[in-house]
Each structure stands twice: as structure tokens, then as C-alpha cells.
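> Curious how this folds, go ahead:
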Amino acid sequence: MNADGHRPIDDSNRRPRGAAAERHQTTREDRSLTDQPDIFPVHLDSGLAALWAGWLDHTRATMHIDHAGTGDDLSAHMRDCFVAVDTQLDDALRRLGAALPESITRVLEVGCSTGFKTFALQHRFPDADIVGVDPDADGIALARGMAARLDQTRFRRTPTFTEAVGEDLPVDDASVDLIVCITTIEHVGNVDECLAEMARVLRPGGVLYLEAPNYLWPYEPHVRALMPPLCPKPLLRALVRLQGNSAHARFVDHLKFVHPHWMERRFDALGLSWRNLYLEKIRDILEGRTDAIAYRRLGALLRHAGRWRLGAALLAPFAWTGVYPSVMYAARKPRAET
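Take a look at the predicted model:
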């Protein structure tokens, strides 16, 4: 592990290169997603509307969110969802940079829900085999319903969706170039088994992008509650009620309180090299390189400190304690020795 808190992946330049660079040269301006009303060309009919209604009823009855529509109608809502997750995916691929495999023929999303990130991955990698897995039967049914109604003239290939848990992926050994797992690992039944499964299905040289809340940070984003780090669940339930979110209190029972030290130990045990992308993000803020609007004032303050060469000193406490908002990693399976 180096001073920045990561066991380095063998890429000194974090910008995409070669074929990866060509794939990622689709900037927000070039792609103009928000200006394309048919960017998510799915035919809406009564059958798809019924699938949406079923998923919404299930989500509101059993989960922590009150899913609200956007746009003027369901077609506009689907488009808005696609644009939102595509923007999130753009940020993930930018942070992966040169860690992105040069050749991507198969991509797996673990925890695909209704499939919008899986569709966005198909849009990004149009010739690849894209697979989404999730244990939510209603979410998978909706994702399949949208896939069946996708305009094939706009999407050369259609992603596939499978109902499955992360601890038992229905995927062959060493068959996946890129795994995307965003805000999912904290919901699985067994974190260690899920990580082991993802390591199993990665090809040598394949990369896992993983992002989740960091439970060393004193805030739980799903239930929107302030809490002490690694808060005992009975106390967290009480804190959720005290903070006016009583309807969400039961949701905390299934959460797994993942944090950087846990993730890094497991990556090491599985033989994966890794980069702590959130520490890189903090370093970018310290050095004034981030374009995140929320960090402009903080970035100005930390750039001033950086002139006095205090950046490393300010970064070190984050690395040592692991106290920052998100777990965010790129983990690579080593290539076979020749």
C-alpha cells in the first residue's frame, strides 16, 4: 500500500488510453443526451405500463424509497432515468481511467434493479455482451420488458437480465472483462461471498468497479440519518425515528456496514490489486483539480493549503481512518503469468 492508501493497479496514467480512450471520448457535449428525446428508445405499451405499476407497488411496499416519477409521462420518466444513470456511469468510467480494460467483450452489472445502468452500459459498449443480475423479481421483469421493447435500430445488441443473488452468480469462471457494482454490496446477504463470486467471474486483467456508502462516515444515506460510525442497528433504528424517518427504521436491519478497511482486506485476500478511487477524489480536491461544484469553496481552501505543501498531511488522516462518505474502488484480477 502506498501513501495514498492503495495497492496500485499497474496504470500510472489515470486517463483512458488506446481503445479505452476512444470508447470514452463521448463527452457530455458530444453525446448531448439531454437534447435527444429518443435517447432511450423503448416502445411504451399497456404491458410495459403494467410492469412499471407492479414494480412501483412492490418498491413502495417493501423498500426504503418512495419512488416518484419525473417528466410529463412514463416515457419521459424512463428517459430521465436513463440520462441520470448514464451521467453516473460517465463519472465511474472517468475515474477508472486507464484501469479500464483495453478490450471489453462482456460486462456484468451486479445489482441491476430495473436495468437502467445495464442499458447505459450497452449504450457505452454497443458490441459487448452486457448482463444484469438482481434478486428482485419485479425489477428483473421490468428490465426484461423494456429490453423486449427496445428499438434495435438504436441499440445493436440488447442486454440480458437474470434473477440471481451476488453470492451465486450464474456466470462462468473468468468470463467477464468489467463488473459494475454500485450501491449494491451493502444490500447483499454475505459481502465476502459476493466479493469472492465477482473475483471468480473476472477474467485475468478484468476490473471491478465498486461503489457504496462508507459506514465509517456519520451519515446513512438510505434512511437519511446521522449516526456514529458503525452504529449498532438498534441504536440506528432509534436515531432514524428520532430524526423523523420512522417509516424507514426497519430498512436498516438488512444493511451491511461496509467500510474501506473491510473492502481492502478482502481484495488482498482474493488476490486483487486495487485503487481507492475516493481517496483519489479527495486528493483531486486538495490539489484543486476536481470539477465537482459542491467542492469549489473547499477546493479553494485546500489549494491554498497545498501551496504550503500540506496536501499529503491533510490526505493522510483520511487514508488512516477511512472516514469519508463513500467506498469507491477499482479492483483488478491479475493477469496470468506467461
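> What is the neighbour count of the residue lying closest to residue 250 once chain neighbours are set aside?
Nearest residue to residue 250 in three dimensions, chain neighbours excluded: residue 237, at 7.5 Å (C-beta to C-beta, 6 or more residues apart in numbering). Quick note: C-beta positions are derived from backbone N, CA and C, even for glycine. Neighbourhood size, residue 237 [other C-beta atoms under 10 Å]: 20.
> show me what contacts residue 237?
Contacts of residue 237 were listed using C-beta atoms under 8 Å, 6 or more residues apart in numbering, and they are 249-250, 252-253.
> How about residue 129?
105-107, 157, 160 are the contacts of residue 129 under C-beta under 8 Å, 6+ apart.
> Show me how to select, in PyMOL, the buried members of these.
Here is the PyMOL command that selects only those of those that count as buried (16 or more other C-beta atoms under 10 Å):
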select buried, resi 106+107+160
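> Narrow the contacts of residue 129 to those in helices?
Among those, none falls in helices (DSSP state H).
> And the contacts of residue 129, which is closest to residue 93?
residue 107 (11.2 Å; C-beta to C-beta).
> Make sure residue 252 is actually in contact with residue 240.
Yes: contact criterion C-beta atoms under 8 Å: residue 252 and residue 240 qualify, at 6.6 Å.
> Between those two, which contacts overlap?
Contacts common to residue 252 and residue 240, judged by C-beta under 8 Å, 6+ apart, are 220, 223.
> pull the helix or strand with minimum mean pLDDT from the protein.
helix 28-31 (a mean of 39; mean pLDDT, DSSP states H and E).
> ok, then the element right after that helix?
Using DSSP states H and E, the helix or strand that follows helix 28-31 in sequence is helix 46-62.
> need the next SSE after that next one, C-terminal direction.
Moving toward the C-terminus from helix 46-62, the next helix or strand (DSSP H and E) is helix 74-96.
> That next one - contacts with which helices or strands?
helix 116-124, strand 176-182, strand 202-213, helix 277-286, strand 326-332 (3 or more C-beta pairs under 8 Å, 6 or more residues apart in numbering; DSSP states H and E).
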